[in-house]
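Enquirer: curious how this folds, go ahead:
(2 chains)
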Number of protein chains: 2
Amino acid sequence: MGGDHAPDVIVNGADIARERYPGTSFLLFGDEARLKALVDKRKGLAQVLEIVPAEDAVLAEDKPSYALRRRRKSSMWLAVEAAAQGRADTIVSAGNTGALLAISMFAMRMLEGADRPALASFMPTARGESVMLDLGANLECDADNLAQFAVMGSVFAQILLGLDKPKVGLLNVGSEELKGREEVRQAAAWLRRENSPVSFHGFVEGNDIGAGVADVVVTDGFTGNIALKSIEGTAKLYTQFVRDAFRTSTLAKLGYLFASGAWSKLRIRVDPRRYNGGVFLGLNGVCVKSHGGTDALGFAYAIGVSVDLVRYDYKSKLVEGLARLREITSATETPAASLQATGGTA
Amino acid sequence: MGGDHAPDVIVNGADIARERYPGTSFLLFGDEARLKALVDKRKGLAQVLEIVPAEDAVLAEDKPSYALRRRRKSSMWLAVEAAAQGRADTIVSAGNTGALLAISMFAMRMLEGADRPALASFMPTARGESVMLDLGANLECDADNLAQFAVMGSVFAQILLGLDKPKVGLLNVGSEELKGREEVRQAAAWLRRENSPVSFHGFVEGNDIGAGVADVVVTDGFTGNIALKSIEGTAKLYTQFVRDAFRTSTLAKLGYLFASGAWSKLRIRVDPRRYNGGVFLGLNGVCVKSHGGTDALGFAYAIGVSVDLVRYDYKSKLVEGLARLREITSATETPAASLQATGGTA
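Expert: I've put the predicted structure just below:
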């Protein structure tokens, strides 16, 4: 029942995902009568889908704490619970992000070795696509959080981007070892070790995100949220600039028409639906957050992300990576003191 | 002597600025023989320019602390000193940013009421241009710093964008009053007051930068640096995407040619030289940092920024604004405690 176009987009998205990922079956939570009317029109889907009635729904304006305590009978709560209790392998929602995070943390708990969940997503780059996290789940992060996010992002990129050893970069204000905030430098010192569970590229800067310098870009949720939205805003601004430029003369308009095939290709390349599916990593379960404004195709992509994470055993891979990280961090005696001794400053 | 194409670009830039800003005269610091050869070719410039020999130069790879202590006879040090001692009204450099900041802070000191300098610059937006700060001078900022940056950015926008009451936004992860880090919420609480020295818009998000929602965007130097570079990287990525799209077919290539006038207009609109001239605000003096890779036109823009700041009395306006801010912040008893009482969370 979540998102701007629920439940139609959810049902249509499930129908697309059913064809793309054979063997998948669905539990659909929400208003039984409305859902039944939609599902009954789709025979193939009806055969692999079970409707679970939910009398309540989390609203877009609900605060996370309110949804957690007062929406126990909502479609979101019941769906997360089903995934937490093993009746489903994964939960996908287009609803309220903060509520989904709060409910998932409460119902699923954290995975062993993960202190905080991080919101991860794909970004288009000059070289293909990268994974970026945290995009807003944690406003303040210490070195442990950042190092754990690096492992989460690496496992996520292995599975979703099909990379053996994704290159992990830590977002910073410079690429030199001594630059940046202390927690960032400490996390880098850990990830740089020989027995590191990730293939650490080093520090990356804001412009390296679009260049695709790293396969995984790790940062705190405050910076990550602002960087993500800055990127989205700039993409929108440039699209407008280009459109304006082509409106300035008849010749330019004609050129635009001639190039319409090129425009379609560009649109496909940066289609936000292809990058739909933010994932809360670090939970003891798979929870995928679709954009609230997406269409059925975008929602099917989000379902696809969750299916891949389950099929390729994301949880055990992450537990293993986090255990390897803990060997490094627990062996470090007085990290802050030793770092200061190197004279590292901004 | 600073920047990738010094001293040619500096001399040519001064020559352009001389015509644009009549009444301006120059002190040019550096290698006397090289500078003299360049200046002598430009008669008009030679009449309003004096060469001040400097036997040393700050290198791009110099650490700020090294430049500060060991490059006392460099062109940068002598130029900053001239501005600090009143022999010049302003200093413009295309050299090492960190060194310029360190030397300027040491030689000029801070303006009354300003605790830390902030690096500010212009950004192209859908509505024209905005000012953003801090772009990297301070990796960690408290509420006082952010509120002071708001005043600095507001005075800067008044002068450079010609706005009576520039709308000031604080960069955050959401627009609601209770969202975000504590220092951001505290700064907002101060700026929102009736007797605030700035016209406070409220919180802005990353995508609001490109949309031009605020005339001034305020953030800490870590986030600001990453947001700025993310924006630059995305602009570059989209330029490449558009170029690639037009290479896909003969028809598209023809369309590109037809639209060449439109492309030129677009290029002018986003010409980075028009946004050249980062300024260190909050110093007891005017110090403008040009991009190291700029050309003569870009350097002339940077000179123009410094001329405007001096002509429109930026220092007294800023001192006045900071005094008004201090009335608010000093009257606030226990800001952190009272904020927590409202139950503000991420």
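Enquirer: for residue A:246, which residues are in contact?
Expert: Taking CB atoms under 8 Å, 6 or more residues apart in numbering or on different chains, we find residue A:246 in contact with A:252-253, A:255-256, B:259, B:262. All C-beta spots, glycine's among them, are computed from the backbone N, C-alpha and C.
Enquirer: what packs against the one helix or strand residue A:308 maps to?
Expert: Secondary structure assignment for residue A:308, by DSSP states H and E: helix A:296-311. Counting by 3 or more CB pairs under 8 Å, 6 or more residues apart in numbering or on different chains; DSSP states H and E, the packing neighbours recorded for helix A:296-311 are helix A:8-20, strand A:90-93, helix A:143-160, strand A:278-281, strand A:286-289.
Enquirer: picking up where we left off before, which of the contacts of residue A:246 are buried? Put it as a PyMOL command.
Expert: This is how PyMOL selects the buried members of those, with burial counted by 16 or more other CB atoms under 10 Å in any protein chain shown:
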select buried, (chain A and resi 252+255+256) or (chain B and resi 259+262)
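Enquirer: tell me how far stretch A:209-216 is from the chain's mean position?
Expert: 16 Å (CA atoms, centre = their mean, to the nearest Å).
Enquirer: I meant to write stretch A:88-108 there.
Expert: Stretch A:88-108 sits 13 Å away from the centroid of its parent chain (CA atoms, centre = their mean).
Enquirer: with stretch A:236-246 instead?
Expert: Distance of stretch A:236-246 from the chain centroid (CA atoms, centre = their mean) equals 28 Å.
Enquirer: what average pLDDT does that stretch get?
Expert: Taken as a whole, stretch A:236-246 carries a mean pLDDT of 81.
Enquirer: stretch A:178-195 now?
Expert: The predicted model assigns stretch A:178-195 a mean pLDDT of 93.
Enquirer: ends of it, what's the gap?
Expert: Between the opening and closing residues of stretch A:178-195 we find a distance of 22 Å, counting by CA to CA, to the nearest Å.
Enquirer: tell me the buried residues in it?
Expert: Counting neighbours by 16+ other CB under 10 Å, one finds that the buried residues in stretch A:178-195 are A:179-191, A:193.
Enquirer: what about the longest strand in chain A?
Expert: When every strand of chain A is counted residue by residue (DSSP state E), the longest turns out to be strand A:118-125.
Enquirer: what strands line up against the helix or strand that it is followed by, and which way round?
Expert: As assigned by DSSP H and E, the chain's next helix or strand after strand A:118-125 is strand A:128-133. Each strand pairing with strand A:128-133, determined using DSSP bridges, is listed with its direction: strand A:118-125 (antiparallel), strand A:216-218 (parallel).
Enquirer: count of neighbours near residue A:202?
Expert: The tally of other residues near residue A:202 (other CB atoms under 10 Å in any protein chain shown) stands at 17.
Enquirer: residue A:64 contacts residue A:99, doesn't it?
Expert: Yes: with contact defined as CB atoms under 8 Å, residue A:64 and residue A:99 form a contacting pair (5.1 Å).
Enquirer: which one's more surrounded, those two?
Expert: Shown here are residue A:64 and residue A:99; by other CB under 10 Å, residue A:99 has more neighbours (26 against 19).
Enquirer: in three-state terms, label the more buried one for me.
Expert: With DSSP: H, G, I helix; E, B strand; the rest coil as the basis, the three-state label of residue A:99 is helix.
Enquirer: which pLDDT value does the model give the residue nearest to it when sequence neighbours are not counted?
Expert: In space, not counting the residues next to it along the chain, residue A:99 is nearest to residue A:67; the distance is 3.5 Å by CB to CB, 6 or more residues apart in numbering or on different chains. Each residue has a pLDDT score; the one for residue A:67 is 97.
Enquirer: up against chain B, what does the stretch 51-200 of chain A have?
Expert: Taking CB under 8 Å from any CB of the partner chain as the criterion, the neighbours of chain B within the stretch 51-200 of chain A are A:124-126, A:136, A:138-140, A:171, A:173, A:180-181.
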